[in-house]
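Participant: give me a 3D structure for the following:
(one chain, ligands or ions: 1)
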Amino acid sequence: MFSYRITFDGSLRDLAMIEFLSLINTYGASVNMQEIKYKTFLVDSNIPLEAIFLRSALITRAERILGSDPWNIDWNKLFNSFSTDSNNIALTYRIEKIEPNCKIGIKDIDAAIRSTIPNVRVSMTYPQIVLCVRKIQKHDFICQPLKTGRDYCLERQLKYRPYAPSAAMDSLLSRALVNLSHLLPNEIFLDPFCGTGSLLIEAAFMGLKTFGSDINPQHVRASRMLLEYYNVQATVRIADARDLPFEDNFIDGIATDPPYGLSSSTYGESLYRLYEKFLGEGYRVLKDSRFLVTCFTPNIPVTELAKSIGFEVLDVITMRVHSKLTRLIGILRS
Ligand SMILES: C[S@@+](CC[C@H](N)C(=O)[O-])C[C@H]1O[C@@H](n2cnc3c(N)ncnc32)[C@H](O)[C@@H]1O
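Facilitator: Coordinates of the predicted model:
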């Protein structure tokens, strides 16, 4: 059993929860979750969840719960998992924080670690392992804060990009949408309205075989430029989402942000017809029982359209973007 304490992005709590559950499903984990305070959960899992945390955009903090007695924790196993050489060079750690009123102190943890790993040392600047002590449901626990996908994704926010038009999607939301498409590394991902490639960049960073297309050649050029800027690989081409250049049953998962008829053009097509044709094409190119995740606005009856094409509608998440725009996210299965 592997135990964790995780905190979700409060402003996108529902989406964050669905992103996490999609990843749990994708990786075949079986978990027990208990909310211990608003947006913070204890999670017990049958498999390690580190790979899932590295995928997630909307988990703001993840910690592995190591145990409550420093003398009962397998420090060798933990430090060995970080060791990159066989010459037994000293490993480094730092105790980041001890919550108020905890009985476990720095000296207890130091003594227990040094008794098992003699050449270990403390590094305040670049420790390999960071630890903290928390009170969880009235008991003290030594925890190990873990990296999340969010830590890296924030570096790719629109404000840091060399090119970001107004319709471009934020990196955190892009990553969450890709995760809703339930794909494992090396599976085939498609964004058929890729614009400047926000979803493609995140998909490629997560090790998916990434394909993108857009009707606008300028956007295709921008996508290629940004993928190169971030040094990740994807195949991007000019194509109409109403007539996708892929064979039937070729794609493992789709996530996309089509035009809403506001800041990005539909090139003369009515929104209804555009979604109808794109969903039909999505259904054709997707393998069986795979996911298509699409943004839309409330004035487009996407759920009815999707059902009439043959999709199962699994969920629709509502996000208020600003006073004039509510974005819905539909999770469909072929
Ligand atoms: C909301 S934007 C996508 C933004 C993108 N996610 C990004 O971060 O840059 C919608 C995109 O759909 C494209 N588009 C509109 N009609 C299309 C069609 N029929 N086929 C393919 N792309 C189309 C537009 O050129 C635009 O780039």
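
Participant: contacts, neighbours, all on C-alpha from now
Facilitator: Will do.

Participant: in which helix or strand would I find Met33?
Facilitator: Using DSSP states H and E, Met33 maps to strand 31-37.

Participant: contacting residues around that strand?
Facilitator: For strand 31-37, the surrounding residues in contact (C-alpha atoms under 8 Å, 6 or more residues apart in numbering) are Ile24, Phe41, Leu42, Val43, Asp44, Ser45, Asn46, Gln137.

Participant: give me the below-cutoff pLDDT ranges for the stretch 201-334 of the chain.
Facilitator: For the stretch 201-334 of the chain, the stretches flagged by pLDDT under 70 are 261-264.

Participant: so which residues on it come close to the ligand?
Facilitator: 214-216, 219, 239-242, 257-259, 264-267 (C-alpha under 6 Å from any ligand atom).

Participant: how about 5 Å then?
Facilitator: Contact residues (C-alpha under 5 Å from any ligand atom) of the stretch 201-334 of the chain with the ligand: Asp214, Ile215, Asn216, Asp240, Ala241, Pro258, Pro259, Thr266.

Participant: quick check: bridge partners of Leu328?
Facilitator: Phe296, Thr318 (DSSP bridges).

Participant: so it sits against Asn299, correct?
Facilitator: No - Leu328 is beyond contact range of Asn299, at 10.2 Å (criterion: C-alpha atoms under 8 Å).

Participant: the two: which has the busier surroundings?
Facilitator: Leu328 (19 against 10; other C-alpha atoms under 10 Å).

Participant: for the spatially most central residue of the chain, what are its contacts?
Facilitator: Taking C-alpha atoms, centre = their mean as the criterion, Ser56 is the residue nearest the geometric centre of the chain, at 2.8 Å. Ser56 makes contact with Glu19, Phe20, Leu23, Thr148, Gly149, Arg150, Arg175, Ala176, Asn179, according to C-alpha under 8 Å, 6+ apart.

Participant: which pLDDT value goes with the second one?
Facilitator: The one in question is Phe20. For Phe20, the pLDDT comes out at 98.

Participant: swap in the last one?
Facilitator: Reported pLDDT at Asn179 in the predicted model: 98.

Participant: burial check on it, number of neighbours?
Facilitator: Counted with other C-alpha under 10 Å, Asn179 comes out at 28.

Participant: tell me the secondary structure for it?
Facilitator: The local conformation at Asn179, judged by DSSP: H, G, I helix; E, B strand; the rest coil, is helix.

Participant: my guess is it contacts Ser22. True?
Facilitator: Yes - in this structure, Asn179 is within contact of Ser22 by C-alpha under 8 Å, at 6.9 Å.

Participant: on that earlier part again, distance from the chain centre to the strand holding Met33, please.
Facilitator: 19 Å (C-alpha atoms, centre = their mean, to the nearest Å).

Participant: for stretch 235-255, same thing?
Facilitator: With C-alpha atoms, centre = their mean as the basis, the mean position of stretch 235-255 lies at 22 Å from the chain mean.
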